[in-house]
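Asks: Can you look at this prediction? I've put the sequence above it.
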Amino acid sequence: MSRWIEWIRAFALKTNKSYGCALSDPECSASYRRKFGVAKKVPQGVEKERMGMEDRDAPPPPEPEPEPEPPKRGRAKKYATSAEAYQAKLASNKLKRQEHRAGGKKYT
């Protein structure tokens, strides 16, 4: 068993708390740090700022490239707009009516 777990168990017995309550008690971790000299973890960026190690002369990081547009699904469009498609449909219907009036298609 680790030293930390043993410390929590002993703290829980001493303060008459459950293991979970002792684990979440800030006094438990503070007393452990005082006894064994364990420092709190500090995020890396904050640690560098405290030490004065930030790189002020470095160029800014490059901008991320925009993500490519995903491919369109389905069949490719024949006409760019619905108005173009409508006009093409009218023209097609007009031709079909003319053929029908003329006696239909002639197959040879």
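Replies: On my side now, so go ahead.
Asks: Just the mean pLDDT for the longest helix along the chain, thanks.
Replies: As assigned by DSSP state H, the longest helix anywhere in the chain is helix 82-101. Averaged across helix 82-101, the pLDDT comes to 91.
Asks: Mind giving me the packing neighbours of that helix?
Replies: The criterion is 3 or more CB pairs under 8 Å, 6 or more residues apart in numbering; DSSP states H and E, and there are no helices or strands that helix 82-101 contacts. For the C-beta atoms, the positions are set from N, CA and C on the backbone; glycine is no exception.
Asks: residues near Phe11, how many?
Replies: Using other CB atoms under 10 Å as the criterion, Phe11 is surrounded by 20 other residues.
Asks: Which strand or helix spans it?
Replies: helix 3-15 (DSSP states H and E).
Asks: Then Ala80?
Replies: Assigning secondary structure by DSSP H and E places Ala80 outside every helix and strand.
Asks: Just the C-alpha atoms of stretch 16-27, please, in CSV.
Replies: Provided in CSV are the C-alpha atoms of stretch 16-27 (Å, rounded to 0.1, in the frame of the first residue of the first chain):
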residue,chain,number,x,y,z
ASN,A,16,-13.4,10.1,12.8
LYS,A,17,-14.4,10.5,9.1
SER,A,18,-14.9,8.0,6.3
TYR,A,19,-12.1,7.3,3.8
GLY,A,20,-13.9,9.3,1.1
CYS,A,21,-14.5,12.3,3.3
ALA,A,22,-10.9,12.2,4.4
LEU,A,23,-9.7,12.0,0.9
SER,A,24,-11.6,15.1,-0.1
ASP,A,25,-10.6,17.1,3.0
PRO,A,26,-8.1,19.8,2.0
GLU,A,27,-6.5,19.6,5.5
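Asks: Any idea how far stretch 29-38 is from the middle of the chain?
Replies: 37 Å (CA atoms, centre = their mean, to the nearest Å).
Asks: Going by neighbour count, list what's buried in that stretch.
Replies: Ser29, Tyr32 (16 or more other CB atoms under 10 Å).
Asks: Can you tell me how far the residue nearest in space to the middle of the chain is from Ser82?
Replies: Among the residues of the chain, the one closest to the centroid is Glu67, at 13.1 Å (CA atoms, centre = their mean). For Glu67, the distance to Ser82 equals 29 Å [CB to CB, to the nearest Å].
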